[in-house]
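# Okay, predicted coordinates and the sequence, questions at the end:
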Amino acid sequence: MVGTTSFVKKLGISVMKVSESKSSSWWYNHHMRAASRAILERIPLVDLVLEVRDARIPMSSEYAQLRKFPSSSKNIIVLNKMDLASHSKTKEWMEYFKELNYIPYAINSHNKDNIKEFLNFLQARIRDIRRSTDSSNTQTTTIMLVGIPNVGKSAFANSLHQIGRISATEKGKLKHATVSPHPGETKNITSFKIASNPNIYILDTPGILPPEILDAEISSKLALTGALIDSVVDQSMLAHYFLSILNFSDEYKKWKNISTMDKKENQIINDDHTQDCVVQSVRGALFQEIASFKGKMKDEKDMIQLIEAQFTTLRKAFNVSLDSFEDANSIVATKLINLYRTGRLGHYTLDTLPRTCE
Ligand SMILES: Nc1nc2c(ncn2[C@@H]2O[C@H](COP(=O)(O)OP(=O)(O)OP(=O)(O)O)[C@@H](O)[C@H]2O)c(=O)[nH]1
């Protein structure tokens, strides 16, 4: 992955639509400004801040506004969506954050056991804070979740609320945060009880981005992981970006057996359009294109040729048969990105650890 970073820069891939990239701060509307102000006002008042980041981009998903506060033992970095990131890279990132005196914790918000372990860790942490601040008699602790859009704050808040040790009536059958694959769905700060005696409340907050993101590579990573609304992103360029990452990785090598299936089986896959069969078909198509590639990955022209060949094969794999080349490519791109975002095309950590940068 180290080589990909500079290569993607060389390719000059810009995933932002031209009309959008011209206007600065296009995502920072007055809702986000107001929410950002409300969050910043509350941070000094809460007992603990959980900064939720996306484990696939542990650095690029930083909640930059937290830098306005002195680094504090109150802050924990939650690397959510660990199920979508490279397991070994997540471990390395955890070590890196520990070296910087942060408290990192990797999690999959959809995994009950993970959430139970996290709750135990959280309660131990709260006991420590109470002891050190001489507030052991305090009956209520308030924790705030902060983060950029779509990192899974609401899914995390819901899971903590559902699994937390509180009575069934307190769980309030109807109370849950809005979870959505689209960024910017959380509009207000909402409180959820996650433990009783002593009480712990968690505040779910709207996702906030910095007013400007000047680095094209960071915006590509934010777009690919779903932190930016898709309407401002060129889906075809985003798919190019993803394919360049995939082609440089080792993930596709696991799909070798799919591509060696005999033609009859391939035919069945192409006729069957259940999600699993489409995924197999896509993996096989991507592997085959890379396996038959004669050029050099590090050569920009060769890489672009490979990606274009992959787009053509993917039209078949996704069963897209439109006459217009642009429409077909944009459908392929959208479908490909969806598969990546649900983890069906491998596990990638897109950020490179600072000490291993080229
Ligand atoms: N695979 C996986 N998906 C997750 C995880 N946590 C959340 N998601 C998914 O990520 C998407 C975004 O989750 P949300 O909880 O709505 O994210 P948010 O940070 O509250 O988003 P905003 O409203 O933009 O602030 C949803 O489709 C969730 O189901 C996780 O640990 N693993």
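On my side now, so go ahead. Computed from a prediction, not measured in an experiment: that's the story for all the values here. Numbers count the residues shown, from 1 in each chain.

# Name the nearest residue to whichever residue of the stretch 251-358 of the chain sits closest to the ligand, sequence neighbours excluded.
In the stretch 251-358 of the chain, the residue found nearest to the ligand is Gly343; the distance is 6.0 Å by Cβ to the nearest ligand atom. C-beta: built from backbone N, CA, C; applies to glycine. Closest residue to Gly343 apart from its sequence neighbours, by Cβ to Cβ, 6 or more residues apart in numbering: Leu84 at 4.7 Å.

# and that neighbour, what is it in contact with?
Contacts for Leu84 were tallied using Cβ atoms under 8 Å, 6 or more residues apart in numbering; they are 55-56, 341, 343, 347.

# Of these, which is the nearest to Pro104?
Nearest to Pro104 among these, counting by Cβ to Cβ, is Ala55 at 9.9 Å.

# Regarding the nearest residue to Lys296 once chain neighbours are set aside, which helix or strand does it belong to?
Leaving out its chain neighbours, the residue that sits closest to Lys296 by Cβ to Cβ, 6+ apart is Asp302, at 5.2 Å. Assessed by DSSP states H and E, Asp302 sits inside helix 300-317.

# same for that helix, what does it pack against?
Judged by 3 or more Cβ pairs under 8 Å, 6 or more residues apart in numbering; DSSP states H and E, helix 300-317 is in contact with helix 2-11, helix 235-248, helix 275-291, helix 325-341.

# Out of the ones you listed, which is closest to Ile148?
Comparing the helices and strands packed on helix 300-317 against Ile148 with Cβ to Cβ, the closest turns out to be helix 325-341 (15.5 Å).

# okay, the angle between that closest one and helix 275-291?
Angular relation of helix 325-341 and helix 275-291 on a 0 to 180 degree scale: 110 degrees, by axes from the mean of the first three to the mean of the last three Cα atoms, to 10 degrees.

# Strands along the protein, start to end?
In the chain, the segments counted as strands under DSSP state E are 48-54, 75-80, 103-106, 140-146, 190-195, 199-204.

# residues contacting the residue of the stretch 1-150 of the chain found nearest the ligand?
Using Cβ to the nearest ligand atom, the closest approach of the stretch 1-150 of the chain to the ligand is made by Pro149 at 3.3 Å. Applying Cβ under 8 Å, 6+ apart, we find Pro149 in contact with 183-184, 206-209, 227-228.

# redo that, cut-off 10 Å
By Cβ atoms under 10 Å, 6 or more residues apart in numbering, the contact set of Pro149 is 27, 32, 61, 182-186, 206-209, 222, 226-229.

# if we can go back for a sec, quick check, the residue of the stretch 251-358 of the chain closest to the ligand in contact with Ala55.
No - counting by Cβ atoms under 10 Å, Gly343 does not reach Ala55; the two are 11.4 Å apart.

# got the contact list for the residue nearest to Val146 when sequence neighbours are not counted?
With sequence-adjacent residues excluded and distances taken as Cβ to Cβ, 6+ apart, Val146 is closest to Tyr63, at 5.1 Å. Residues in contact with Tyr63, defined by Cβ under 10 Å, 6+ apart, are 39, 49, 51-53, 75, 77, 145-148, 151, 205, 207-210.

# Also Met82?
54-56, 90, 94, 105-109, 111, 114, 347, 349.

# Break this protein down into its domains, please.
The chain breaks down into these domains under automatic domain parsing: 29-208, 216-259+270-341.

# what about those domains, which gets the closest to Leu353?
Short answer: domain 29-208, nearest of the domains of the chain by Cβ to Cβ, at 5.6 Å.
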